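**Q** Below are the sequence and a predicted model; questions follow.
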Amino acid sequence: MAGVTVDLLTDDEEETIASTTRDSGTFISGDSELPVVFLCSQCRLPVGDSLAWAGADPKENVIYLRNVTKNILMDKEHKIDTADDSGCIYVLLSCRGCSLLLGRMYLCTPVHLDFKRNVYCLAVAYIESYVLGSTTSAELTDYNKKPVVLETQSEVLEELAKSQIVLNMMIERLSAVEEKIQSLQGEG
């Protein structure tokens, strides 16, 4: 599995992505845009995907998703954001698997922050991403090693039988040595 970092987009890039999405939120198939799965950075549970993409804010280092998986728990306690005097009401979002705090969902915002309301705001620092279709076929790098297939299975079984014979011989020798030690201890 190849992990990639989430790159926050500029306004121009967001407009480009917005033009490649339909109102339903699904990507139009194309060679350049592959779906992305967002994962909890601690336990790697999937928490969302790019099909629910609603935007990003490079200044706050967050991405916005319209939907998330059931692996995100929404806190029941409402909190008030007093840090920037916005008076926003939000709930915390955490990972179901490891309880890592992943972000917020704003329930009440002033007009200038309406774009944050009722979307999942996930902190980029706590999520990783995986681009579907980004892996390629792995080739054998060492051509001297053969994969274990039906033809080579008999060779492996032969080697195991030889190892078993050697092991049995060593056990017999060890038993003889132990007997000799015991007889010497009995004499002395």
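**A** Cool, got the structure. Numbers count the residues shown, from 1 in each chain.
**Q** Distance-wise, check the residue nearest the centre of the chain relative to residue 114.
**A** Compute the mean C-alpha point of the chain, and by Cα atoms, centre = their mean the closest residue is residue 44, 3.3 Å away. Using Cβ to Cβ, to the nearest Å, we find residue 44 at a distance of 33 Å from residue 114. For glycine as for every other residue, the C-beta is placed from the backbone atoms N, C-alpha and C.
**Q** Surely the residue nearest to the centre of the chain touches residue 128?
**A** Yes - using Cβ atoms under 8 Å, residue 44 is in contact with residue 128, at 7.4 Å.
**Q** Residue 44: what secondary structure?
**A** coil (DSSP: H, G, I helix; E, B strand; the rest coil).
**Q** Please, where are all the strands along this protein?
**A** For the chain, the strands defined by DSSP state E cover 36-40, 46-49, 53-57, 62-65, 72-74, 79-81, 88-95, 101-108, 120-123, 127-131.
**Q** Please state the offset of the last one from the chain centre?
**A** Yep, that's strand 127-131 we're talking about. From the chain centre to the centre of strand 127-131 is a distance of 7 Å (Cα atoms, centre = their mean, to the nearest Å).
**Q** Over to the third one?
**A** Taking Cα atoms, centre = their mean, one finds strand 53-57 lying 20 Å from the centre of the chain it belongs to.
**Q** Partner strands of it, with direction?
**A** Sheet pairing of strand 53-57 (DSSP bridges) gives strand 62-65 (antiparallel).
**Q** Let me have the strands of the chain in CSV, extended by distance to residue 162 and mean neighbour count.
**A** Shown next, in CSV, are those (distance: least, Cβ to Cβ, whole Å; neighbours: other Cβ atoms under 10 Å):
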stretch, distance to residue 162, mean neighbour count
strand 36-40, 46, 21
strand 46-49, 47, 22
strand 53-57, 58, 20
strand 62-65, 58, 23
strand 72-74, 55, 16
strand 79-81, 68, 13
strand 88-95, 50, 18
strand 101-108, 54, 19
strand 120-123, 56, 22
strand 127-131, 44, 18
